[in-house]
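Peer 1: Could you look at this predicted model? Sequence included:
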Amino acid sequence: MHTTTSQTPGSEGPSRPVRLIRNEATTEIPLHLLFRDEPEPRPVPVGAAVVASRAGTGEQPRIRRPAPAKPRPVAEVDPALVERPARVLPGVAGVAAGACGAAGCVAASWWAGVLPPLVGESLGLSAYAGTGLGPAQWAAHAAAAALGLFGFGGLARGETGRAWVLGLFGRYRGTVRRTGLLWVNPLLLRRRVDVRLRHWRSGPVPAADGDGVALRVVALVVWRVRDTARATLGVEDHETYLRECVEAALARIPVETPGSGRGSVEASGEALTRRVARDAGAIGLEVFSVQPVCVEYAPEVAAAMHRRRIAALDAQHRASVLTSVVDSVEDTVTRLTTRGLVELDDYERKALVKDLTVAFCAGRGEQSP
């Protein structure tokens, strides 16, 4: 490293010396550029991560923005599986069509001359020889029979709390929620769905509390079918799907036992309800409540947790008894001294406190079971 002195033309004296560093692989680099002061920090946007610059290099701080969190995928609903009302007719239309078909069959038989005399007399028809069963008579019979079967075969009775999901050749054609006598196209496939408010009580389901201790939980679920199309056609069995949703929620959300001190069973029930309602809503089920009605330890840890609970209750009982005894001794000594019944020095006070404590503890021990 060496220094050079340069002089600008027209200047009276030598200029300020510039210190340079030079070697075989690099060109001349002014030394003051290597050790220049760091620039003042620029304001950093909120929510951005800053990568520190390397000291002595003049490198500016780089701002690195955090990657946006990926949203949780939401179950997409097929537009073809959204419940919509089906086209049905009042039951009177089916009865009328069936009656017309039956009357047409009788008329065609009378026209062909094959109507039994007893039937004709009961209907008030005169005897008619007829022309026999020709193509026209067979066609009239077929048309009247088809009309009668189509009319009577489509009659259905709608019940409160029940619905029909209709399909034709594998395609959803609508849902019938009406009640009373209805006429539904007999060519449509009908699937009955219970849309009433229902309760389901699960069996013992594996779960865990906040500390990871294994539990067995029995949950009571209040639910109903809101969208019959998705509940019937979206999954193979919506009741089985609901049971699996409850089991999955119990496996992920801790359930607190009564008296654990970490939380209430009601709070666990609210968390379970939100989780199951979100998962079951994708298939058209509406979940109102998921409440643990029976929470017990798993068989493999039940004995150990029972001993732990007994030890905790025993320690709590001892602490309460000791607090009561100390309060009683303090009250007794205070009353004796303030009323002037006895005059005690420090040694006598300590002895009295000791004797009273032993007496009160013995008395409480005899009273306790």
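Peer 2: Sure thing, it's come through.
Peer 1: use CA for all of it now, contacts and neighbours both
Peer 2: Noted.
Peer 1: remind me, longest helix of the chain?
Peer 2: Criterion DSSP state H: the longest helix present in the chain is helix 299-338.
Peer 1: The following helix or strand past that one to helix 299-338, inter-axis angle?
Peer 2: Next helix or strand after helix 299-338 toward the C-terminus (DSSP states H and E): helix 346-367. If you take axes from the mean of the first three to the mean of the last three Cα atoms, to 10 degrees, helix 346-367 sits at 140 degrees to helix 299-338.
Peer 1: helices and strands around helix 346-367, which ones?
Peer 2: helix 299-338 (3 or more Cα pairs under 8 Å, 6 or more residues apart in numbering; DSSP states H and E).
Peer 1: average pLDDT across the helix it packs on?
Peer 2: Averaged across helix 299-338, pLDDT comes to 77.
Peer 1: Stretch 201-221 too?
Peer 2: 89.
Peer 1: Contacts only, for the nearest residue to residue 159 once chain neighbours are set aside.
Peer 2: Nearest non-adjacent residue to residue 159, counting by Cα to Cα, 6 or more residues apart in numbering: residue 179, 5.0 Å away. When contacts are counted by Cα atoms under 8 Å, 6 or more residues apart in numbering, residue 179 is found next to 157, 158, 159, 160.
Peer 1: Can you give me the neighbour number for the second one?
Peer 2: It refers to residue 158. 17 (other Cα atoms under 10 Å).
Peer 1: Ok, the first one next?
Peer 2: A count of neighbours around residue 157, defined by other Cα under 10 Å, yields 12.
Peer 1: Next: the last one.
Peer 2: Look at residue 160: counted by other Cα under 10 Å, it has 12 neighbours.
Peer 1: for residue 343, same thing?
Peer 2: Count around residue 343 with other Cα under 10 Å applied: 11.
Peer 1: Setting the sequence-adjacent residues aside, check what's closest to it.
Peer 2: residue 337 (6.5 Å).
Peer 1: burial of that neighbour, as a residue count?
Peer 2: 13.
Peer 1: so it touches residue 348, yeah?
Peer 2: No. If you go by Cα atoms under 8 Å, residue 337 and residue 348 don't touch, sitting 11.8 Å apart.
Peer 1: Check the spacing between the residue nearest to residue 343 and residue 331 real quick.
Peer 2: Per Cα to Cα, to the nearest Å, residue 337 is found 10 Å from residue 331.
Peer 1: what does residue 183 give?
Peer 2: 88 Å.
Peer 1: Give me the more crowded residue out of these two.
Peer 2: Set residue 183 next to residue 331 and count neighbours by other Cα under 10 Å: residue 183 wins out with 24 against 11.
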